[in-house]
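>>> Let's see this in three dimensions:
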Amino acid sequence: MLRAIAVTISTFFLLVMPAYPTEGEAVSKSQEAASAWLALTDTGKYAQSWDAAALSFKTAITKSDWEKALESVRSPLGTMKSRKLKTATFTLTLPDAPAGEYVVIQYSTDFENKASAIETVTMTLDKDGFWRVSGYFIK
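Modelled structure (predicted):
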């Protein structure tokens, strides 16, 4: 009898409690999305990278301005030769950003004309449940 009650209670919690992803799952899914987004920038598909970005990104910069900015920054670097993950950190807060779920990813990237660049890609969990780029920087 007690076993039946325990199974019933366990089943209830599995059905009623929302399934929150772990930080590890968030980091993994955001890295996949970042890789797909970076592939767009690597191949010069800057307009498509804007289309695939987070809503917060799109409200911060127009598609035309994004294309111009990325062209002026990425073109002189030449083609991407290699990219290695340095860090990927989950956080619920970022400076000057609303509370949310974020993953800040840093890569050590070698370009044709610049070795050892650091790319920082900030991912955010959009309202539709997909991880999207909300920030991109190259040093």
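
>>> Residue 105 and residue 42: what is the separation?
With the distance defined as Cβ to Cβ, to the nearest Å, residue 105 ends up 15 Å from residue 42. Backbone N, C-alpha and C define where each C-beta goes, glycine included.

>>> in the chain, which residue is closest to the centre?
For the chain, the residue nearest the mean C-alpha position is residue 123 (2.7 Å; Cα atoms, centre = their mean).

>>> What's the mean pLDDT across the helix or strand where that residue lies?
Element membership for residue 123, per DSSP states H and E: strand 114-125. The average pLDDT within strand 114-125 is 96.

>>> about what we covered before: so for residue 105 and residue 42, which residue has more residues nearby?
Neighbour totals were compared for residue 105 and residue 42, and residue 105 leads with 23 against 15 (other Cβ atoms under 10 Å).

>>> which element is the more buried one on?
In this structure, residue 105 sits in strand 102-111 according to DSSP H and E.

>>> neighbouring contacts of that strand?
Residues outside strand 102-111 that contact it (Cβ atoms under 8 Å, 6 or more residues apart in numbering): 26-27, 30-31, 34, 77-94, 116-125, 131, 134, 138.
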